[in-house]
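S.K.: Turn this into a structure:
(chains A and B)
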Amino acid sequence: MPAKKRTVRIGNWYKSDDENVHFVRKRKAPRPAKLRKIVPGQVLILLAGRFQGKRVVFLKQLKSGLLLVTGPFKINGVPLKRVNSAYVIPTSTKVDVNGVNAGQVDDDYFKRTQAQRRKNEQGFWAKRGELTAEQQAAEKTRLDGKRKTQKSIDDALIAAVKKTPLLKQYLGARFSIGKTTRPHELVF
Amino acid sequence: MVLAKFVEVGRVVKINYGPQEGRLATIVEILNDKRVLIDGPTTGVQRQVIPIRRLTLTKFNLKGATRGARTGVITKAIKKSDPFAQYAQTVAAKKVAKKALRAKLNDFDRFRVMILRKRRSALLSTQLKSLKKNTGGKAQTQAKGGNKKK
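M.R.: Just a heads-up that it's a prediction; the model follows:
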């Protein structure tokens, strides 16, 4: 008879070494993440990571709960990116995103591909050049596709940004705190 | 120095302390050497007794305010001659208004103010340079040019 994972205790039951008993709590469906009042088109200030201090435009919330933002790339170098809403300050400045279609971008867009993961297969010493020709071609088309998506989203955004004077420069500048700024008194 | 601001009926006062801090009102009646009755129907101050210690006297007077006048009478007098509007023109009042405006600026506004200040200072310095060149070093800085900044 096959041994069941969670068995009834019979007296003193000592687990054998290779038995791994886990109590697995299965989540039926992913819980939709709550979003503070952040609206598509709102300018956010990133607080952590490589782009900390950068002001970016919020596009939509992904199914994983992360926020999809873009620089736009031409303005401040931030690409289409997923960002945790906890590491973000929403400002009251909004950009018109009516012409922007971010529908095709979702969590899968950011998933690591086989080519990116092959490093783990070949071990620590695998180098970039060791992709097969097939893989290299696949990578190239993948990156071209990404550039295209970035461009299509950004073009519509930049057109909207240009309408407000100084907004482009604003998005290009980083947010910082000086000696005399009182962050708790700042209105964003 | 001649004393000019008296605690008298009709004197416009600014409340310094308490829930009504910063608002204006008129003295309607003097109760004793420490307390007065004030009223500010147009400025949102309810008719109340308040210690003089909590007030700052302004140099404005409400014409037509009689001793113990009711709120309606005060409102009519304000309609005729509005000392509160006159007070808003003073430098002190403008400073308070400017501070309040600066506190309300959002992130984008603060950025714009910074850029505009830089532009103004660049304009001023080019003007100063050309003046210095023309008058051989005896130039004075021009008065504030450019648009009004926050």
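
S.K.: Read off the pLDDT value for residue 46.
M.R.: The chain I'm using is chain A. Predicted confidence (pLDDT) for A:Leu46: 95.

S.K.: Not quite, go with chain B.
M.R.: B:Gln46 is given a pLDDT of 94.

S.K.: Spit out the contact partners of it.
M.R.: Applying CB atoms under 8 Å, 6 or more residues apart in numbering or on different chains to B:Gln46 gives the contacts B:39-40. Where you see a C-beta, it was placed from the backbone N, CA and C, and this is true even at glycine.

S.K.: Next, it: secondary structure please.
M.R.: Three-state assignment for B:Gln46 (DSSP: H, G, I helix; E, B strand; the rest coil): strand.

S.K.: how much space between it and chain A?
M.R.: Separation of B:Gln46 from chain A (CB to the nearest CB, to the nearest Å) stands at 29 Å.

S.K.: Can you list the buried residues in the longest helix that chain B contains?
M.R.: In chain B, taking DSSP state H as the definition, the longest helix is helix B:107-135. Of the residues in helix B:107-135, those buried by neighbour count under the rule 16 or more other CB atoms under 10 Å in any protein chain shown are B:107-112.

S.K.: So which other helices or strands are in contact with the one helix or strand A:Ala156 maps to?
M.R.: Secondary structure from DSSP states H and E places A:Ala156 in helix A:133-163. Applying 3 or more CB pairs under 8 Å, 6 or more residues apart in numbering or on different chains; DSSP states H and E, one finds that helix A:133-163 contacts strand A:55-61, strand A:67-70, helix A:73-76, helix A:114-122, helix A:167-172.

S.K.: of these, which approaches chain B most closely?
M.R.: helix A:167-172 (4.8 Å; CB to the nearest CB).

S.K.: Identify all contacting residues around that closest one.
M.R.: For helix A:167-172, using CB under 8 Å, 6+ apart, the contacting residues are A:43, A:55-57, A:71-72, A:75-76, A:93, A:95, A:158, A:161-162, B:108, B:111-112, B:115.

S.K.: ok, now with 10 Å
M.R.: The contact list for helix A:167-172 (CB atoms under 10 Å, 6 or more residues apart in numbering or on different chains) reads A:43, A:54-57, A:71-72, A:74-78, A:91, A:93, A:95, A:157-158, A:160-162, A:164, B:107-112, B:115.
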